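K.L.:
Quick one, fold the following:
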Amino acid sequence: MRHEHDVAIDAARCIGCGLCEGDCPASAIAVEAGKARMVAQDCLLCGHCVAICPKAAVSMTGFEDEPRELGAGAPPALDADRLLEAIAARRSMRRFSDEPVSEEDVVRIIEAGRLTPTAKNAQDVSYVVLREGIARFEAQAVRLFRRVFPFVRLVNSMARRTSIDDRFFFKGAPVAIVVVARNDIDGALAASNMELMAQACGLGVLYSGYFSMAAAASRALRRELGLSRGQKVVATLVVGHPAVRYRRTAPKEAAAVRWA
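P.N.:
Residues are numbered from 1 along each chain as shown. Sure, this is the predicted structure:
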């Protein structure tokens, strides 16, 4: 985490039910004399104790947003069939319209990444939004690829059929969101949720693996993106309004599953 946080328990509210103690993955809470107390602050700061307390007796310092009540019923759930339908309909978009992407939608997409769980609750995923300067970043990556692609074409037939034009990375889309993390899995999970949110906003998404490769290979591009030592571009989501409509799903092979 980027900031210091502490877990606090309001003894006046605590009823000693033990739910926080039983749900703490770090065994950092104990109930003694009918009240919960922190026995260690070196926990994961996962917030399970905050979320499970029936009396809102547990809080965490140093966060901008406040916990939201979920109501008496079950947590919000997605419709399983509609979710599968949306996933099946997803296509990598390479043709975008000129319609701009609203700042509200960009914020929603990033929020979907921010709320994604991370290993050890590190919350180390950050985002670089390329919008006003998107052409500058693309031009820098294009220059790099034009230097190295002749060597790739020697061994790759698809590369021999590919031309590196000025829109090679972002395909004319108005926005690209660079997902930065130290842990590949954390960044990939965030990107996956962000893609679903973009789809919910009616937007198309392309994972520009080539731009992520360019960022890994170019120190100059890393400096432009503001990356520090240990940070890497895990994914680059190119986002825009689709210029084409896909009318049906594409066939996929059956899942390879072993039940043990």
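K.L.:
what comes into contact with stretch 196-211?
P.N.:
Here stretch 196-211 makes contact (C-beta atoms under 8 Å, 6 or more residues apart in numbering) with 86, 90-94, 96, 101, 105, 108-109, 111-112, 138, 141, 145, 168-171, 173, 176, 178, 191, 195, 233, 235-242. (Each C-beta comes from the backbone N, C-alpha and C, glycine too.)
K.L.:
ok, now how distant is the nearest residue to residue 190 once chain neighbours are set aside from residue 106?
P.N.:
On the basis of C-beta to C-beta, 6 or more residues apart in numbering, the spatially nearest residue to residue 190 that is not a chain neighbour turns out to be residue 113, at 3.8 Å. Residue 113 is 11 Å from residue 106, where distance means C-beta to C-beta, to the nearest Å.
K.L.:
who has more neighbours, the two?
P.N.:
residue 113 (25 against 20; other C-beta atoms under 10 Å).
K.L.:
list the buried ones in the helix or strand hosting the more buried one?
P.N.:
Residue 113 is part of helix 103-114, with elements assigned from DSSP states H and E. By neighbour count on 16 or more other C-beta atoms under 10 Å, the buried set for helix 103-114 is 105, 106, 108, 109, 110, 112, 113, 114.
K.L.:
could those residues be laid out in JSON lines, adding distance to residue 163?
P.N.:
As requested, the buried residues of helix 103-114 are arranged in JSON lines below (distance: C-beta to C-beta, whole Å):
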{"residue": "105", "distance to residue 163": "31"}
{"residue": "106", "distance to residue 163": "30"}
{"residue": "108", "distance to residue 163": "35"}
{"residue": "109", "distance to residue 163": "30"}
{"residue": "110", "distance to residue 163": "33"}
{"residue": "112", "distance to residue 163": "34"}
{"residue": "113", "distance to residue 163": "32"}
{"residue": "114", "distance to residue 163": "37"}
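K.L.:
which one is residue 238 nearest to, not counting chain neighbours?
P.N.:
residue 206 (4.1 Å).
K.L.:
which strand in this protein runs the most residues?
P.N.:
Taking DSSP state E as the assignment, the strand of the chain that covers the most residues is strand 232-240.
K.L.:
Give me the mean pLDDT for the helix or strand following the helix holding residue 113.
P.N.:
Moving toward the C-terminus from helix 103-114, the next helix or strand (DSSP H and E) is strand 126-130. Averaged across strand 126-130, pLDDT comes to 98.
K.L.:
tell me the angle of strand 126-130 relative to helix 103-114?
P.N.:
Interaxial angle, strand 126-130 versus helix 103-114 (axes from the mean of the first three to the mean of the last three C-alpha atoms, to 10 degrees): 150 degrees.
K.L.:
what about strand 126-130, distance to the chain center?
P.N.:
Put simply, strand 126-130 sits 11 Å off its chain's centre (C-alpha atoms, centre = their mean, to the nearest Å).
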